[in-house]
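J.: okay, structure incoming, though there's no sequence with it:
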């Protein structure tokens with residue numbers, strides 16, 4: 001009986017991760033962690049945590065799924081050094097690991113990648129600790 005309860009709890013933790021604890025790293029892509037984030041309080045999407053990205057970006061499919069409408073365009077310097085122009089919209093909220101940002105500006109990138117990039121405009125106001133299996137988002141102590 002105790003074993004069955006332990007297995008059930010493990011399954012629930014894997015399928016329903018806590019929003020207020022550390023974010024579990026699902027896997028890595030090129031060394032960068034990929035985590036599940038919650039958009040608009042309900043829709044879960046995978047995002048790659050990109051400490052070098054100034055802005056959070058989503059692909060066109062994610063924008064469609066989240067009903068994000070472009071409101072303007074912006075220029076971005078890509079990792080290659082190339083400058084590109086992308087539409088910009090807003091999501092109502094993004095939440096993960098106890099961190100939440102409302103009305104967040106996102107770039108809508110024409111990409112075949114399934115994951116978006118979680119950038120500094122999401123986690124920049126938090127103290128972020130990237131560990132082997134999880135990421136902690138904490139309010140800074142000097143607030």
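T.: All right, it came through fine. Please read these numbers as outputs of a predicted model, since none were measured by experiment. Residues are numbered from 1 along each chain as shown.

J.: the longest strand that the chain contains pairs with which strands?
T.: Ordering each strand of the chain by length in residues (DSSP state E) puts strand 83-96 first. For strand 83-96, the paired strands and their directions (DSSP bridges) read strand 32-39 (antiparallel), strand 72-77 (antiparallel), strand 99-109 (antiparallel).

J.: show the average pLDDT along the shortest one.
T.: What that stands for is strand 72-77. Averaging pLDDT along strand 72-77 gives 90.

J.: which positions within it qualify as buried?
T.: Neighbour-count burial for strand 72-77, counted by 16 or more other C-beta atoms under 10 Å, picks out residue 76. No exception for glycine: its C-beta is placed from N, CA and C like everyone else's.

J.: in this protein, which spans are strands?
T.: So, for the chain - with DSSP E - the strands run 23-24, 27-29, 32-39, 43-49, 56-59, 72-77, 83-96, 99-109, 116-118, 127-130, 134-138.

J.: what strands line up against the first one, and which way round?
T.: Translated: strand 23-24. When pairs are called by DSSP bridges, strand 23-24 turns out to pair with strand 134-138 (antiparallel).

J.: quick one: the partner strand to chain centroid distance?
T.: On the basis of C-alpha atoms, centre = their mean, to the nearest Å, strand 134-138 is displaced by 12 Å from the centre of the chain it belongs to.

J.: what about stretch 108-121, average pLDDT?
T.: Over the span of stretch 108-121, the pLDDT mean works out to 88.

J.: surely residue 79 and residue 52 touch.
T.: Yes - counting by C-beta atoms under 8 Å, a contact exists between residue 79 and residue 52, whose distance comes to 7.1 Å.
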